[in-house]
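Student: Just a sequence and a predicted model for now, questions to come.
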Amino acid sequence: MNNIHKKHQDAEWVLVTSDSVSFLNAAKDKFSFVYIVPGVVLHPDWSKAEGNLPYAKSFIDIFMIANAKKAYNYSTGGMYSNSGFAKNAARIGGIEYENIHE
């Protein structure tokens, strides 16, 4: 993530989204420039929540990515490296998208 931040030094924050609470917490703890939208992490395909409010974080994440300067799908090690979440959000916003696997 340092490489992404270095590419965008004019940006105060790097928004990080994930359906993994562990990944979000690790990113937030390791990097001072990481911003995470507060809320409950649910995966829309797998979670069974009542009503729409529990999914608010996922929708806010999508709209935040769609309005970013650029979207990345970042993965490392054994992480799933082909998520469509950031890619689809980038399509919604008409912004550039890049897949990075380290």
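Tutor: Received the coordinates, thanks.
Student: Now the residue most central in space within the chain: which helix or strand?
Tutor: By C-alpha atoms, centre = their mean, the chain has its centre lying nearest to Thr17, at 2.3 Å. Using DSSP states H and E, Thr17 falls within no helix or strand.
Student: residues touching it, list them.
Tutor: Leu24, Ile36, Val37, Asp61, Met64, Ile65, Phe85, Ala86 (C-beta atoms under 8 Å, 6 or more residues apart in numbering). Where you see a C-beta, it was placed from the backbone N, CA and C, and this is true even at glycine.
Student: For Asn82, see how far away the second one is.
Tutor: If I follow you right, that is Ile36. With distances taken as C-beta to C-beta, to the nearest Å, Ile36 is found 22 Å from Asn82.
Student: And for the third one?
Tutor: Taking C-beta to C-beta as the measure, Val37 and Asn82 are separated by 23 Å.
Student: Compare Ile36 and Asn82 (neighbour count), which wins?
Tutor: Neighbours were counted for Ile36 and for Asn82 using other C-beta atoms under 10 Å; Ile36 has more, 18 against 9.
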